[in-house]
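Q: predicted model, plus sequence, below.
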Amino acid sequence: MNSHLKSRQLLSALVIAIGAVGLNTQANSQEHPEWRVPRVVLDARYHHDRYYPPRGVVMEHLPVGSLAVSFGPAQYFFHAGVWFRAIGARFEVVVPPIGIVVPLLPPGYVSLTIGGLPYYYANGVYYAPASGAGYTVVAPPPGAEAAQANEPSAAGSQPAIAAAPGATPASAAVRTPIVYPRNGQSAEQAETDQSECRRWAAAQPGVSGNPSVFDRALDACLDGRGYTVR
């Protein structure tokens, strides 16, 4: 009896271990392990070709570097094109409300021109330049299904027509630095670091009246995170 019971226990443990390996293999094969979810979904519209966790997934923690964005009495969180809303102590992946404004676009956004107007797309969401600064989530504009993507955006870059709060259009348009990772950072990590450094640089005193302040702050932030900027 004891030998039979031990055999059944070993078999159960093996089945559980194989299942765990299967989940890990699936996530790793899709090259997006930072989301820590059993599956991710490919967004191939306009050749965006990026993986995201599906809507409705609930996570224990927000990704590092998530940005809090208020919309009326509600608060959302934004990270690399994914929107979250708190559910108790956890966070659910959600569709952002129309009209919410974010200070910067997701990494690898797709640039579109529809009806002669600029739009930006990532993870099933369309953005339009907001009045003043930033980008507003909008409903899919008429003609979106037949639209063609413009030239791909550079990693970490933002369009010149709408800069992050505090940054001038000139600082976004004139200088697009080339960034080299010194410590073997992944492409995803590099995009996140550049977005966070741009946001930090845009908040520095004096940046609105002097674009060079933004440039120096951006270079210093990236250097501190292990990048060489040219």
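A: Ah, there it is. Numbering: from 1, shown residues only.
Q: not counting sequence-adjacent ones, nearest residue to Ser70?
A: Setting aside the residues directly before and after it, Ser70 is nearest to Tyr76 in space (Cβ to Cβ, 6 or more residues apart in numbering), at 7.8 Å. Where you see a C-beta, it was placed from the backbone N, CA and C, and this is true even at glycine.
Q: which residues touch that neighbour?
A: Listed by Cβ atoms under 8 Å, 6 or more residues apart in numbering, the contact partners of Tyr76 are 68-70, 83-85, 94, 96-97, 100.
Q: rounded mean pLDDT for stretch 120-127, please.
A: Per-residue pLDDT values over stretch 120-127 give a mean of 95.
Q: please save the CA atoms from it in PDB.
A: Coordinates of each C-alpha in stretch 120-127 appear next as PDB, following Å, rounded to 0.1, in the frame of the first residue of the first chain:
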ATOM      1  CA  TYR A 120      -1.300  56.800 -33.500                       C
ATOM      2  CA  TYR A 121      -2.100  53.200 -32.800                       C
ATOM      3  CA  ALA A 122      -1.000  50.500 -30.400                       C
ATOM      4  CA  ASN A 123      -2.600  47.500 -28.700                       C
ATOM      5  CA  GLY A 124      -6.100  48.100 -30.200                       C
ATOM      6  CA  VAL A 125      -6.200  51.800 -29.100                       C
ATOM      7  CA  TYR A 126      -6.100  54.900 -31.200                       C
ATOM      8  CA  TYR A 127      -4.600  58.200 -30.000                       C
END
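Q: buried stuff in the one helix or strand Thr192 maps to?
A: When elements are assigned from DSSP states H and E, Thr192 belongs to helix 187-202. By 16 or more other Cβ atoms under 10 Å, the buried positions in helix 187-202 come out as 188-199, 201-202.
Q: secondary structure class for the closest residue to Ala149 other than its chain neighbours?
A: If the residues on either side of it in the chain are set aside, Ala149 comes closest to Tyr46, at 4.2 Å by Cβ to Cβ, 6+ apart. Reduced to three states with DSSP: H, G, I helix; E, B strand; the rest coil, the structure at Tyr46 is helix.
Q: Tyr46: what's it in contact with?
A: Under the criterion of Cβ under 8 Å, 6+ apart, the neighbours of Tyr46 are 110, 112, 121, 147-149.
Q: give the buried subset of those as a ChimeraX selection command.
A: The buried subset of the contacts of Tyr46, as determined by 16+ other Cβ under 10 Å, is captured in ChimeraX by this line:
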select :110,112,121,147,149
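Q: in JSON lines: the contacts of Tyr46, plus distance to Pro63 and secondary structure.
A: JSON lines is the format used below for the contacts of Tyr46 (distance: Cβ to Cβ, whole Å; DSSP: H, G, I helix; E, B strand; the rest coil):
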{"residue": "Val110", "distance to Pro63": "21", "secondary structure": "strand"}
{"residue": "Leu112", "distance to Pro63": "26", "secondary structure": "strand"}
{"residue": "Tyr121", "distance to Pro63": "21", "secondary structure": "strand"}
{"residue": "Ala147", "distance to Pro63": "29", "secondary structure": "coil"}
{"residue": "Gln148", "distance to Pro63": "31", "secondary structure": "coil"}
{"residue": "Ala149", "distance to Pro63": "26", "secondary structure": "strand"}
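Q: cool, thanks, talk later.
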